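A.B. asks: got a structure for you, letters missing:
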DNA sequence: ACCTGAACACCGTTCAAGT
DNA sequence: ACCTGAACACCGTTCAAGT
């Protein structure tokens, strides 16, 4: 309870990283400042620079940390039992990565911002490649596959366009929809039909999961069809 | 030539946005600060706040500007001549959007950071939906399709993992590869084989274009197969 | 109506100095 | 070896004041 015991534990690169992850998890990425992080560690901001070259290094480090967490979990996925089993194995790996990233919501943003690749990230992709090779992909097709998956290989997609759920019971948003209908007939058509069929379907994480899996399976099935084909 | 004529042109929201786009194009997103932008307009930073509520509004504005540019170009794509023609039309639209975004490299990053959807973005997606509907998609499948495409619908994917091209003639990187081979056998295998088959294949925009189109076609073909199917 | 100077609260970071 | 105080160069932004 005393601040002394806490601040007694000597600072270390390790402790900086794990505390940074905790801070970002709890308070969001914008709260991860050098001063905040130092305060969390019971130390002054400038002390961090003794253990870490700069903030970029911290961001590199926390990406490596979560990728390490993913790699730990992903080794528990049973490897492909046969070449035809590659799809199941990769699917499970990717959905496992997604689970970890859902506990670190800042993950995608920071991962995308990195310019240096982390060792744990390389390890993850090496594992992806291993599964593809086991499934009969030559390196060329495997290369294409990794690009086709993009960030989906890591379990996330950046949603660009997440319009509000049109709560059909709210008269104000209905009025809004009517106004928009003139300019965006298809968008309004889709939103109202989907809201009608399954109210609340565009809400929250549950639905995103469905969409993620839909897109993932579409790509995996597409790739499956290309194995052994000479045409790319 | 005199600064007077330049600074004579009265400031306006419009002029702020177009200058912001120019500045970001020329000097990168990190150069787009209120002070820099004001200087570019021959004015003090605080003057901007008279025409624009804050920096977020500027970012919203420049996204709207490039999306407007995309919409302008995309209307020139010939609409689907028949339902079966949907794929060609959508493909052309998306590749057109990509061309515009390649002239505004900051586009993807800023687009992804937006929380308010812009009108021009809605217009773009309305156009995408129009093509899908013309191709026989019901709204439910069209909705899935948009999620499956994700940022690809706008012509970009964020590359997470762009290892350096292993210049096979550089002995230093070859040594590095040998060291990595123990930990990442598949990654190194792929990199060396692809470098061998087609040296420089992972370099530059040309290759990214190939990969983008590969992934796009994979998804479009996958979707094509689902039209009219009751199973999602 | 339109623009500005001075000031504020925040950043990341350097450097000489403390123990 | 490890940590810190003071300071610097930058942010975005507010507000009262100028024309």
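C.D. replies: Thanks, I have the structure now. The shown structure was predicted, so the numbers you read here are calculated from the model rather than taken from an experiment.

A.B. asks: helices and strands around the host helix or strand of residue A:182, which ones?
C.D. replies: In this structure, residue A:182 is located in helix A:171-183 according to DSSP states H and E. Based on contacts counted as 3 or more Cβ pairs under 8 Å, 6 or more residues apart in numbering or on different chains; DSSP states H and E, the elements that helix A:171-183 packs against are helix A:185-197, helix B:119-134. Every C-beta, even on glycine, is put in place using the N, C-alpha and C of the backbone.

A.B. asks: buried set for it?
C.D. replies: Using 16 or more other Cβ atoms under 10 Å in any protein chain shown as the test for burial, helix A:171-183 gives A:177, A:180.

A.B. asks: how far off centre is that helix?
C.D. replies: In terms of Cα atoms, centre = their mean, to the nearest Å, the centre of helix A:171-183 is found 34 Å from the chain centre.

A.B. asks: now do it against helix B:119-134, angle only.
C.D. replies: When axes from the mean of the first three to the mean of the last three Cα atoms, to 10 degrees is applied, the directions of helix A:171-183 and helix B:119-134 differ by 70 degrees.

A.B. asks: hmm, back to that, so can I have CSV of the helices and strands packed on helix A:171-183 showing mean pLDDT, mean neighbour count and distance to DNA strand C?
C.D. replies: Written out in CSV, the entries for the helices and strands packed on helix A:171-183 read as follows (pLDDT from 0 to 100; neighbours: other Cβ atoms under 10 Å in any protein chain shown; distance: least, Cβ to the nearest atom of the strand, whole Å):
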stretch, mean pLDDT, mean neighbour count, distance to DNA strand C
helix A:185-197, 88, 18, 34
helix B:119-134, 97, 21, 23
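
A.B. asks: distance to DNA strand D added to those helices, as TSV?
C.D. replies: Rendered in TSV, the data for the helices and strands packed on helix A:171-183 read as follows (distance: least, Cβ to the nearest atom of the strand, whole Å):
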stretch	distance to DNA strand D
helix A:185-197	29
helix B:119-134	22
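
A.B. asks: name the SS class of the residue nearest the centre of chain A, please.
C.D. replies: The geometric centre of chain A, computed from its C-alpha atoms, lies nearest to residue A:156 (Cα atoms, centre = their mean), at 3.9 Å. For residue A:156, the secondary structure call by DSSP: H, G, I helix; E, B strand; the rest coil comes out as coil.

A.B. asks: per-residue pLDDT, the residue nearest to it when sequence neighbours are not counted?
C.D. replies: Counting by Cβ to Cβ, 6 or more residues apart in numbering or on different chains, residue A:156 lies nearest to residue A:108, which is 4.6 Å off, once chain neighbours are set aside. If you check residue A:108, the pLDDT there is 95.

A.B. asks: likewise residue A:146?
C.D. replies: Here the pLDDT value assigned to residue A:146 is 96.

A.B. asks: what distance do you get for residue A:27 to residue A:42?
C.D. replies: Taken as Cβ to Cβ, to the nearest Å, the spacing of residue A:27 relative to residue A:42 amounts to 17 Å.

A.B. asks: revised request: answer the last question for residue A:99.
C.D. replies: The separation that residue A:99 has from residue A:42, given Cβ to Cβ, amounts to 32 Å.

A.B. asks: of the two, which one has the most company?
C.D. replies: Higher neighbour count among residue A:99 and residue A:42: residue A:42, with 15 against 12, using other Cβ atoms under 10 Å in any protein chain shown.

A.B. asks: ramachandran angles for that one?
C.D. replies: Torsion angles at residue A:42 (phi, psi; degrees, to the nearest 10) stand at phi 70, psi 40.

A.B. asks: circling back to that earlier point, now do the helix holding residue A:182 and helix A:185-197, the angle between them.
C.D. replies: Here helix A:171-183 runs at 140 degrees with respect to helix A:185-197, directions being taken by the same axes, to 10 degrees.

A.B. asks: and helix A:171-183, average pLDDT?
C.D. replies: Model confidence over helix A:171-183 averages 77 on the pLDDT scale.

A.B. asks: same check, this time on stretch A:95-102
C.D. replies: Per-residue pLDDT over stretch A:95-102 has a mean of 97.
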